[in-house]
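Student: sequence plus predicted model, see below.
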Amino acid sequence: MGQDRRKRTRVEFHFETTVTVDNQNVRVQSHNLSLKGMLCSTDGIFREDQVCRVTLNLTPQSEGEPIQATIHGRIIRINPIETAIDFTLMDAESFFHLKNIVESHSQEPERIAQELLTAAFSPPDKI
């Protein structure tokens, strides 16, 4: 596949979550997670370039008021069993929760803070 161009640490994170596309909620199982995206198991029902919303439920249902991270994204890659989602927008509280998840599952949590000092996006090519 070539050189890995990721600018954010990816961590294994197996968690049931919800991806909403076209007002349809789909339960998926995450494989890995970063501050910039997620890879999850699906049955090929999504299409590339679909806009989506990812909802991470961070507390068990039995514990009262749920804590959630809601992240807007775009489906960037699919195959019959997996979907890659690029995160495009989230509020500060969702970012805080996502950052804590990635740090707590990382083998080098101090690296996450360092990564935040550099842009996650490449500047567009000049025309």
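Tutor: That came through fine.

Student: got the contact list for Thr9?
Tutor: Thr9 makes contact with 34-35, 102, 106, 108, 111-112, 115 under the criterion C-beta atoms under 8 Å, 6 or more residues apart in numbering. Quick note: C-beta positions are derived from backbone N, CA and C, even for glycine.

Student: list buried residues within the residues you listed.
Tutor: Among those, the ones that count as buried by 16 or more other C-beta atoms under 10 Å are 34-35, 102, 106, 112.

Student: dump the contacts of Thr9 into CSV; add distance to Thr9 as well.
Tutor: Compiled in CSV, these are given as follows (distance: C-beta to C-beta, whole Å):
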residue, distance to Thr9
Ser34, 6
Leu35, 8
Val102, 6
Ser106, 6
Glu108, 7
Arg111, 6
Ile112, 6
Glu115, 6
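
Student: out of those residues, who's nearest Ile67?
Tutor: Compare each of the contacts of Thr9 with Ile67 using C-beta to C-beta and the shortest gap goes to Val102, at 16.1 Å.

Student: that's a helix at that closest one, yeah?
Tutor: Yes. Counting by DSSP: H, G, I helix; E, B strand; the rest coil, Val102 is located in a helix.

Student: may I see the buried residues of stretch 33-46?
Tutor: For stretch 33-46, using 16+ other C-beta under 10 Å, the buried residues are 33-40, 42, 46.
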